[in-house]
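S.K.: Sequence plus the predicted model coming up.
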Amino acid sequence: MADNARQNTPAAIMRMSRLYAPTLKELPADAELASHKLALRAGLIRRSASGIYSFLPLGYRVIKNIERIVREEMDAIGCQEVLLPVVQPAELWQQSGRWDDYGPELARLADRHERMFCLGPTHEEIITDLVRGEIRSYRDLPFTLYQLQIKFRDEIRPRFGLLRGREFIMKDAYSFHASQESLDEHYRAQSEAYARICDRLSLAYRAVDADNGQIGGSVSTEFLALADDGEAELIYCRCGYAANTETYGDDFDRDNLPACPRCGAPMQIARGIEVSQVFQLGDKYSRTMGLVYQDESGADCYPLMGCYGVGISRSLAAVIEQHHDDDGIMWPRSIAPYQVAILMLSEGDEAAAFAETLATELAACGIEVLIDDRDERAGVKFADADLIGTPLQVIVGKRGFEAGEVELKLRKTGERSTATLAEAATTVKRTLDT
């Protein structure tokens, strides 16, 4: 359960009596998937409009933890973070040819001077415009810029909560290269980083051959989190080959699956949630938008580009789809809003002082702690702890505390154990690291 990046730095302590986390007892009527229902019930998100959600404190803490993992993996392969505007000039999209081609999902607007803009659903045009005034020589290449940004796509039928919204949080990276070999090398590095991101999010996934769609280019791989209710359909083989069924077009027959193109064995079919995708764009944008550099001979050339996206808010939903039960969410430690919940069932100053001391000691080790100090029945506290999904619960009960011990419960397995008051912090840390 350990995530070393969250250790050895002082962490947060929050009290439930002060936390803004309005949980719901009833199932939301308009929610279909488990991730949508539980994100609403656990007080992670609230709907603002169709396909548009606000993130409440617990949900936003999860978002920030996913972003932290993504940043660490991007920085580790030499990418540099930037921040690009959400509102993009129409002329950039007209230069690339996508102003008309993108369709009604592109939200267009005019400013007070009747100049046309769009809300960015993706940022190939604006990143190309950003660097085309700066790149002069092959010596300037390669490099990769990335951002964490809100996108907007005017989906015709938003549904499934965060899985198909109109506004969403995304990491997108763009690389620029002087050769196909350089692009191939970075494409592999990005793909490996994306696999590590899925692993750190505790997602069961498959990397599949995919269609480039509206982004363009010739090579693409999707990372699909396996889920029975996923919107994507994939076929896969025991040899490791997998593909989105969309790549087969209208010829795909579910009743007669094709043989594996890699080893010839029969393939199987499954469903998944797209959490990330990598693309080789070639010179699609550099050529149409006039991005050139001079090679070693002084000739003008178009850089080759790659594009690499991670759905941050989609990843939150995908994790819930894979990590939940009838009682609520079961967060992996790596992205849990809080890693430990201390449930105060024993009253009195002595028990309160113990909880404060334990929380402070854990926080000093980088463990984020939620203390349920509310004046509520034990059943309410147990139910909310399971719903919110904190990986480890420390139960300070009246009889146990008087006997000098606390109870520990692992949310994922339900396994319970006890620890003495003196050894509570050590036992919590050891249990989390198991």
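M.R.: It's in. These figures come from a predicted structure and were not determined experimentally.

S.K.: Give me the distance from the helix or strand bottoming out on mean pLDDT in the chain to the chain's centre.
M.R.: Among the helices and strands of the chain, strand 242-244 carries the lowest confidence by mean pLDDT, DSSP states H and E, at a mean of 89. Centre-to-centre, strand 242-244 and its host chain are 21 Å apart (Cα atoms, centre = their mean, to the nearest Å).

S.K.: What helices and strands are in contact with the helix or strand following it?
M.R.: Following strand 242-244 in sequence order, the next helix or strand is strand 268-282 (DSSP states H and E). The contact analysis (3 or more Cβ pairs under 8 Å, 6 or more residues apart in numbering; DSSP states H and E) places strand 268-282 against helix 180-200, strand 205-209, strand 219-226, strand 232-236, strand 304-311, helix 312-322. C-beta coordinates here come from the backbone N, C-alpha and C atoms, glycine included.

S.K.: could you give the angle of the second one to helix 180-200?
M.R.: Between the axes of strand 205-209 and helix 180-200, defined by axes from the mean of the first three to the mean of the last three Cα atoms, to 10 degrees, the angle is 160 degrees.

S.K.: now swap in the last one and tell me
M.R.: The directions of helix 312-322 and helix 180-200 differ by 50 degrees, with the same axes, to 10 degrees as the criterion.

S.K.: which secondary structure elements does helix 312-322 contact?
M.R.: Applying 3+ Cβ pairs under 8 Å, 6+ apart, one finds that helix 312-322 contacts helix 34-41, helix 57-76, strand 167-177, strand 219-226, strand 268-282.

S.K.: Adding mean neighbour count, distance to residue 387 and mean pLDDT, write the ones you listed out as a markdown table.
M.R.: Output for those, formatted as a markdown table (neighbours: other Cβ atoms under 10 Å; distance: least, Cβ to Cβ, whole Å; pLDDT from 0 to 100):
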| stretch | mean neighbour count | distance to residue 387 | mean pLDDT |
| --- | --- | --- | --- |
| helix 34-41 | 24 | 6 | 96 |
| helix 57-76 | 19 | 10 | 98 |
| strand 167-177 | 24 | 23 | 98 |
| strand 219-226 | 23 | 22 | 93 |
| strand 268-282 | 22 | 22 | 95 |
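
S.K.: Nearest to residue 377, out of those?
M.R.: The closest of the helices and strands packed on helix 312-322 to residue 377 is helix 34-41. By Cβ to Cβ, the value is 18.6 Å.

S.K.: related to what we said a few turns ago, which of the helices and strands packed on helix 312-322 sits closest to residue 411?
M.R.: helix 34-41 (13.1 Å).

S.K.: so what does that closest one touch, helix or strand wise?
M.R.: Packing contacts for helix 34-41, counted by 3+ Cβ pairs under 8 Å, 6+ apart, involve strand 45-49, helix 312-322, strand 324-325, strand 328-329.

S.K.: rewinding a little: just the residues contacting the least confident helix or strand of the chain, thanks.
M.R.: 206-211, 222, 224, 232-236 (Cβ atoms under 8 Å, 6 or more residues apart in numbering).

S.K.: rerun that using 10 Å as the cut-off
M.R.: 205-211, 220-222, 224, 232-237, 252, 258, 260-262, 267-268, 270, 272, 274, 277 (Cβ atoms under 10 Å, 6 or more residues apart in numbering).

S.K.: Ok, stretch 29-36 next?
M.R.: With Cβ under 10 Å, 6+ apart as the test, stretch 29-36 has contacts from 28, 37-41, 44-45, 47, 50, 53, 159-164, 227-231, 273, 314, 316-326, 328-329.

S.K.: Any of these buried? List them.
M.R.: Buried members of the contacts of stretch 29-36, counted by 16 or more other Cβ atoms under 10 Å: 37-41, 44-45, 47, 53, 159-164, 227, 230, 273, 314, 316-324, 328-329.

S.K.: Which secondary structure state does the closest residue to residue 380 other than its chain neighbours sit in?
M.R.: Nearest in space to residue 380, with sequence neighbours left out and distances taken as Cβ to Cβ, 6 or more residues apart in numbering, is residue 374 at 7.8 Å. Residue 374 carries the three-state label coil when classified by DSSP: H, G, I helix; E, B strand; the rest coil.
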